[in-house]
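S.K.: build me a structure from this.
(2 chains)
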Protein chains: 2
Amino acid sequence: MQARQALADIQHLLTNVLQAPAQWQALAPFADTDAELAAQVLDEAAKFVDSAIAPLQRSGDEEGCRFDAGQVHTPAGFRDAYQAFWQAGWPLLSCAPDDGGQGLPAVLECVLFEWLAGANHGWTMAPGLLHGAYECIKHHASDELKAQYLPKIATGEWLATMCLTEAHAGSDLGLVRTRGVPQPDGSARVNGSKIFISGGEHDLTDNIVHLVLARLPDAPAGPKGLSLFLVPKVLPDGSRNAVVCERIEEKMGLHGSPTCVMRFDDATGWLVGEPNKGLNAMFVMMNAARLHVGLQGIGLLEAAWQKASAYAAERRQMRAPGATDTSLIQDHPAIRRTLQTQRAWIDGGRVLAYHTALQLDIAKHSANAGERAAAQRWCALVTPVLKAALTTEGFHGASACLQVFGGHGYVREWGIEQIVRDARVAMIYEGTNEIQAIDLLVRKVLADGGQGLAALLASLPGKAPGAAARARRHTLVEITQTLAIAAQTDPELPYWVADDYLRAVALVLLEWAWGQISAANPRDPASAPTSAFERWDQPAKAFAQWVLPEFDLRTTIVRQRIVQALEIKPKQPLALDGKALIAI
Amino acid sequence: MQARQALADIQHLLTNVLQAPAQWQALAPFADTDAELAAQVLDEAAKFVDSAIAPLQRSGDEEGCRFDAGQVHTPAGFRDAYQAFWQAGWPLLSCAPDDGGQGLPAVLECVLFEWLAGANHGWTMAPGLLHGAYECIKHHASDELKAQYLPKIATGEWLATMCLTEAHAGSDLGLVRTRGVPQPDGSARVNGSKIFISGGEHDLTDNIVHLVLARLPDAPAGPKGLSLFLVPKVLPDGSRNAVVCERIEEKMGLHGSPTCVMRFDDATGWLVGEPNKGLNAMFVMMNAARLHVGLQGIGLLEAAWQKASAYAAERRQMRAPGATDTSLIQDHPAIRRTLQTQRAWIDGGRVLAYHTALQLDIAKHSANAGERAAAQRWCALVTPVLKAALTTEGFHGASACLQVFGGHGYVREWGIEQIVRDARVAMIYEGTNEIQAIDLLVRKVLADGGQGLAALLASLPGKAPGAAARARRHTLVEITQTLAIAAQTDPELPYWVADDYLRAVALVLLEWAWGQISAANPRDPASAPTSAFERWDQPAKAFAQWVLPEFDLRTTIVRQRIVQALEIKPKQPLALDGKALIAI
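M.R.: Coordinates of the predicted model:
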């Protein structure tokens, strides 16, 4: 991806659509971060991504990581690029000034990581968990641990991992068996085996700080018996800890990122946070981590779109309808539809993701408790939607962009097939998309009978919705209430339709996003040339025409399954007024 | 894929659902092919595929083809497997007895190739074009050429290629520049460069017969100036022809199949068929070739399903709703939905594909002209639908099956990611899926104002449709008529909605297929155990619940675009009665 090509779009969305600078400047820590400073930061970020990271995309994929007797060698150039990255201060972007950070709003870091993922998803896995580890250590570790580790994690001089998964414990962390046994000196002996550890071993940095989920002796079974331990690759005395990389996985893509099997053999670690509260310590960073994965979907899709769009502007095949000679393929309706539709996902997805990043900061820093609660609600409800919907589109949309190339898309030369392979993983990690859907519907929406979602929909900011958009929001609230009732009869029901429900929510949120984009794009022939207007109008129409109709499909599927759950015969129309049903 | 695991299903669909043996026995050439003989052939085929071809799936992907100074080395075991394949007589399956063939119905060859693709898509590319080349040479080549080449192409002792694509001429064959210049001795000198030639060079057979699209001197521009030439790798005198493999492509998948750039440097060839009628000679085999690609989608999806289903029956994670202990993931609704939905596509897709294969034979061999015409209509209309819908599902469904594995799906070990990579190409080759949709809607359906499609829908055989199915067929006919009218105002219209239209047709056809499957699956507790009944009932319900609702989505999208084309404001309801509109 060329970050530079996306820069003006993103500036427009942040400044004119979301009024992001005004939003973050209302928060004390960012009062001095004006739009100009933010623009400078993004400008520098774009230059860095395009010049230092993007050029290693294809070579990183082709060369891949190499495992050799416990050592992992990353592709040529990866270490230098990483050293340049941390030495230029990029990991400090949104760290607190007290920790040497630049204290900038989270949304700027989001843009940086969106670009990095689009430029080189494999490389970006290395620093991808860094800020989460920083937050985790900052908020949960003891002062001694912080003194030892926080500065180098903040700067990124050392990288970090999250060691959660075990062979038999993937989505179900309650099954984790790794053990941590406290020692008299305050440390712990950690024993166990972890899989799917991104960056578990590599040559990018001199030390690697592992955050390991494990059980204390006599801990209760299940997820409430998990504690978190910090286990460094190199101990403070300079000796090597008993942490061994056993092998790296061969994968569909993401070859630039070593996915490690890690063995802890009486490794020395230290408890982070309270005993048996390990998941809490990790969940501190969960919303931000899921948002970042959603942004990977956007970044990869933008990368795929840029490639497909450039190809379509050069390749000639057949006559478009009405043409008298062979046309550029960008003039064929099928290609135009693909490019405009993916543009609709990228632009709308960005508005949602950046708005969510702003809410992360508002939830933390607003002086107003009601504002904090509303922002917290937004993050809780919208983050799983973004994670699932944007990574699904990252993969399927990249595949649609591949199709623009015809047979050329299937060969490596053009780089588009790599994006499809790389993008696939984001639908799985950080909680599979099915788990996001269950998190949304079962754990969050139905937990309060849909009231939180209804309140969120009623308070969507900005331009007021039109009648059709209002009707869709109403439908969503009605279906939610009905689901809550019907689930009492059929507890399986929400698990069957959670994916459809998440899609319906995603589409209503995207409709809101496009409403905001369109409101900021008034046709003013005097000041804006037609092409500038059409830049945003074309995908707005594509969204309405090709994307949004899926809302009715999803709600139909949910309704039909509700009918089945209630054992109401289809001939009897289902009363979808929530209040009426609650009275049943 | 284990062909053996699919055998009983396929036998049931052929015998009990489609009454295929009775259908082919009504045709003179297959009068003696009884159900028992067919069953024996399929039984042997399953054994061969499982024992000789499937074991080379992963090694073929990992080792890949190797290019070395013009030579192509296929992965270890590929040559032996191919030699065993042709020596066992498999290519002769549906060749005519006059040519030494076994003269069996096309549908049996379809099942064989579905299994081969599911077992090893890369390897199967080699013999994939063989039967098409046989038909092409048989029907278009001169007697001398036939004497020289037909026997060894029929047996498969020699393999064949189709050399169509050039760097600047992919979907648009009218742009082909390769030239063939007739020589006094009746041969031709062929010069030019071709890309994406599957099996252009390899070590599987001692000779390779290239069928090359090229232009005679003074041929008209465009597709009507293309002629077909037969250009062998080794000339009849044993010398090497001037056909050079310049390189092989690095691809997303299909590593077991060499995709070659071929250069013809004054190569010796011979005209096949009439001058400037090269496309006609190739189109002889187009319906069969597209059907075979659709079957690749089915075969790959079955392979993915078998893997996912087996994994789901072993892997335990989290409690399913209502469970008191950790559940097998096959008990979680999200997993059940995925597996049942993909089962619905495979089973329904098989009925459509096998029915189409029967129509190919009926179109050729029926004694009744009306039957031949109806079968021809079926093949013309349904083949592009199958090619596009089944390859799309091959890729997206395989990806859904990958998701069942969670993170394990993304690593090579389980073989599922290879299926996703391999399956992607089938959406592109043999005419991209977008071109299939345009072929269906513009070239076939609208060409006769939708009459052919209406007639096909009105004469769908077997069990009569229920009211809802009838309504969907009616909707399809109405939309078709309206499209025909609106396209006169807006010639671009059908090109924008061709994909949706094809999907709507596919869903109506699948609904018919599932009607037939369900009709053959009466609940009879005395004779059939519940599990046998549920084997077909569960995916029938999944089809109705999760797949079929897309029909309304697609028709909504088409209707909204029609409204736009007619510039009727949405408030005015669109009269969708065909006759009324024709009167406008």
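S.K.: can you give me the helices for the stretch 101-250 of chain A?
M.R.: Assigned by DSSP state H, counting those that start in this stretch, the stretch 101-250 of chain A shows helices spanning A:106-128, A:130-140, A:143-155.
S.K.: single out the most deeply packed of the ones you listed.
M.R.: helix A:106-128 (a mean of 27; mean count of other C-beta atoms under 10 Å in any protein chain shown). (C-beta placed from N, C-alpha, C; glycine too.)
S.K.: now for residue A:237, how many residues are close by?
M.R.: 5 (other C-beta atoms under 10 Å in any protein chain shown).
S.K.: can you check the one 4 residues further on too?
M.R.: Residues near residue A:241, counting by other C-beta under 10 Å, number 20.
S.K.: of all the helices of the stretch 101-250 of chain A, which lies closest to residue A:521?
M.R.: Nearest to residue A:521 among these is helix A:106-128; the distance by C-beta to C-beta comes to 20.5 Å.
S.K.: the closest one close to chain B?
M.R.: No: against chain B, helix A:106-128 shows no contacts by C-beta under 8 Å from any C-beta of the partner chain, the least distance being 12.7 Å.
S.K.: just checking, what packs against that helix?
M.R.: The contact analysis (3 or more C-beta pairs under 8 Å, 6 or more residues apart in numbering or on different chains; DSSP states H and E) places helix A:106-128 against helix A:3-12, helix A:35-48, helix A:57-63, helix A:78-87, strand A:188-198, helix A:286-312, helix A:333-365, helix A:416-424.
S.K.: what angle sits between it and helix A:3-12?
M.R.: Interaxial angle of helix A:106-128 relative to helix A:3-12 (axes from the mean of the first three to the mean of the last three C-alpha atoms, to 10 degrees): 150 degrees.
S.K.: ok, and the helix or strand in chain A with the lowest average confidence?
M.R.: The weakest-scoring helix or strand in chain A, judged by mean pLDDT, DSSP states H and E, is helix A:578-582 (a mean of 37).
S.K.: just to revisit the earlier point, would you reformat the helices of the stretch 101-250 of chain A as JSON lines and include mean pLDDT and distance to residue A:431?
M.R.: Shown next, in JSON lines, are the helices of the stretch 101-250 of chain A (pLDDT from 0 to 100; distance: least, C-beta to C-beta, whole Å):
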{"stretch": "helix A:106-128", "mean pLDDT": "98", "distance to residue A:431": "15"}
{"stretch": "helix A:130-140", "mean pLDDT": "95", "distance to residue A:431": "14"}
{"stretch": "helix A:143-155", "mean pLDDT": "98", "distance to residue A:431": "23"}
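S.K.: out of those, which is closest to residue B:449?
M.R.: helix A:106-128 (46.8 Å).
S.K.: pull the CA atoms of the closest one into CSV?
M.R.: Extracted in CSV, the C-alpha atoms of helix A:106-128 (Å, rounded to 0.1, in the frame of the first residue of the first chain):
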residue,chain,number,x,y,z
ALA,A,106,-5.1,6.7,19.9
VAL,A,107,-6.6,7.4,16.6
LEU,A,108,-3.3,8.5,15.2
GLU,A,109,-1.7,5.3,16.2
CYS,A,110,-4.6,3.5,14.6
VAL,A,111,-3.9,5.2,11.3
LEU,A,112,-0.2,4.3,11.6
PHE,A,113,-1.0,0.6,12.2
GLU,A,114,-3.6,0.5,9.4
TRP,A,115,-0.9,1.7,7.0
LEU,A,116,1.7,-0.7,8.4
ALA,A,117,-0.6,-3.7,8.0
GLY,A,118,-1.5,-2.6,4.5
ALA,A,119,2.1,-2.2,3.6
ASN,A,120,3.4,-5.3,5.2
HIS,A,121,1.1,-7.3,7.4
GLY,A,122,3.8,-9.9,8.3
TRP,A,123,6.3,-7.3,9.5
THR,A,124,3.6,-5.4,11.4
MET,A,125,2.8,-8.4,13.6
ALA,A,126,6.1,-7.8,15.5
PRO,A,127,5.1,-4.3,16.9
GLY,A,128,1.4,-5.1,16.7
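S.K.: for chain B, what's the nearest residue on the stretch 1-150 of chain A?
M.R.: residue A:62 (8.3 Å; C-beta to the nearest C-beta).
S.K.: which one of the helices of the stretch 101-250 of chain A lies nearest to residue B:91?
M.R.: helix A:106-128 (43.0 Å).
S.K.: from the chain's centre, how far out does that closest one sit?
M.R.: 10 Å (C-alpha atoms, centre = their mean, to the nearest Å).
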